[in-house]
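[1] generate a structure from the sequence data that follows.
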Amino acid sequence: MSSRPHPRFVLASPDSALLGELEPMLLALGGGVEVALTLEAAQAALAAPGAARFAFIDTALPGLDPRMNLERLLAIVRADDSESQPAIILIVDSVSELWLKLVTEGAVDDLILRGAESGIWRLRIDTALRNRHRSRESESLREAAARLAKTDHLTGVYNREALLCMLFRETDRVQRMHTPLSLILLDVDDFGHWNSRLGNDACDDLLCQVARRLGQLLRSYDLLGRPGKDEFLALLPGCGAEEARLLAERIRAEVFCRPFRVEDESIRLSACFGIASSSGRSPVVVLRQAETALQWARTSGPESIQSYLDSPHREDGPITYRSASSGDELLAW
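    The predicted structure follows:
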């Protein structure tokens, strides 16, 4: 048995004359109408998953108190995320100070007088539809802008700023839950050589291919970013130093041992890896340790993997860094 499609409109009113005039008008717009004759039926219709996009609520519904039950009804509507919230149009007998306050505060989207002529109803419904469409478009644009602000424009993975924010967030989780967190910082070996030989466009393609292969190996909750031209950083929640080393070895074998295709050429890339693990210490320190381990790996030669915790040269003293908010030189352990 096929499931009933979700209605586009909820029409909550006990006024049979109003229902007889308004329901056909809404049906003509397509998407279906669910009629609710009581407050309980209206609450159930608006709380249902995949609820309607528009709700016409008659303030004459039996049991609807303007200052109590109406507030509860509006809370039910607004409980879901903004994308699925319906536009709310109140059907009122007169425009009171309370109704105007609800519109001004954004609790409802519009008011329509019960005795309005059919032409006015059509105009207000059409306005509600247009406003809803513009609101959805604006929300989509805001979401797209937010994504762009967090991502690297070339590869689509996170940029350095977003990675730092996430590293602070994950460090807070480590401190609260006492779980491991590791970083793998990798640098493509001798990328300047390939840039000189192949050119910028071909090397941009190579970096995108590296990012895609890395993404295929990581878990769904791992975080991948590009903090530098030919560097990639993986944040690995719940992953200790040894597990991070095993993953680095797997990346070396499965990402870089397979040739890359660019401009009809088969290119063999390699990378060095620096690994650092957090036990709730400052994200600044852990990132600096990953950078130090990567520098040791570069010194050791192509395809090297170095873990900061495994090196006899590591230093556990404080480092200084400049505060982004105050500009002061601070110590981090």
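
[2] distance of F191 from A253?
    20 Å (CB to CB, to the nearest Å). Where you see a C-beta, it was placed from the backbone N, CA and C, and this is true even at glycine.

[3] compare those two (neighbour count), which wins?
    Ranked by neighbour count (other CB atoms under 10 Å), F191 and A253 place F191 first, with 17 against 11.

[4] residue ranges in the protein under the pLDDT threshold?
    Residue ranges of the chain with pLDDT under 70: 1-7, 49-51, 67-68, 78-84, 136-141, 143-148, 311-333.

[5] repeat that for 80
    Across the chain, residues meeting the criterion (pLDDT under 80) sit at 1-7, 30-31, 46-53, 65-86, 106, 124-125, 127-149, 310-333.

[6] tell me how it divides into domains.
    9-149, 151-332 (automatic domain parsing).

[7] now do the helices in this structure.
    16-27, 39-47, 69-78, 97-104, 118-150, 160-177, 191-198, 200-217, 241-254, 283-300 (DSSP state H).

[8] export these to a markdown table and append columns for distance to D230.
    Rendered in a markdown table, the data for those read as follows (distance: least, CB to CB, whole Å):
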| stretch | distance to D230 |
| --- | --- |
| helix 16-27 | 58 |
| helix 39-47 | 52 |
| helix 69-78 | 47 |
| helix 97-104 | 54 |
| helix 118-150 | 21 |
| helix 160-177 | 13 |
| helix 191-198 | 4 |
| helix 200-217 | 7 |
| helix 241-254 | 15 |
| helix 283-300 | 12 |
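
[9] pick the most deeply packed of the ones you listed.
    Comparing the helices of the chain on average neighbours per residue, with mean count of other CB atoms under 10 Å, the densest one is helix 283-300 at a mean of 20.

[10] how many degrees apart are it and helix 160-177 in direction?
    For helix 283-300 against helix 160-177, the angle by axes from the mean of the first three to the mean of the last three CA atoms, to 10 degrees is 110 degrees.

[11] so what secondary structure elements neighbour helix 283-300?
    In this structure, helix 283-300 packs against helix 160-177, strand 181-188, strand 271-278, strand 305-307, strand 319-322, with contacts taken as 3 or more CB pairs under 8 Å, 6 or more residues apart in numbering; DSSP states H and E.

[12] E21 is nearest to which of those?
    helix 160-177 (52.7 Å; CB to CB).

[13] which ones are touching L64?
    L39, L70, L73 (CB atoms under 8 Å, 6 or more residues apart in numbering).

[14] what's the closest non-adjacent residue to the first one?
    In this case it means L39. Nearest non-adjacent residue to L39, counting by CB to CB, 6 or more residues apart in numbering: G63, 4.5 Å away.

[15] likewise for the last one?
    Counting by CB to CB, 6+ apart, Q43 is the residue found nearest to L73 once chain neighbours are left out, at 6.0 Å.

[16] brilliant, that's me finished.
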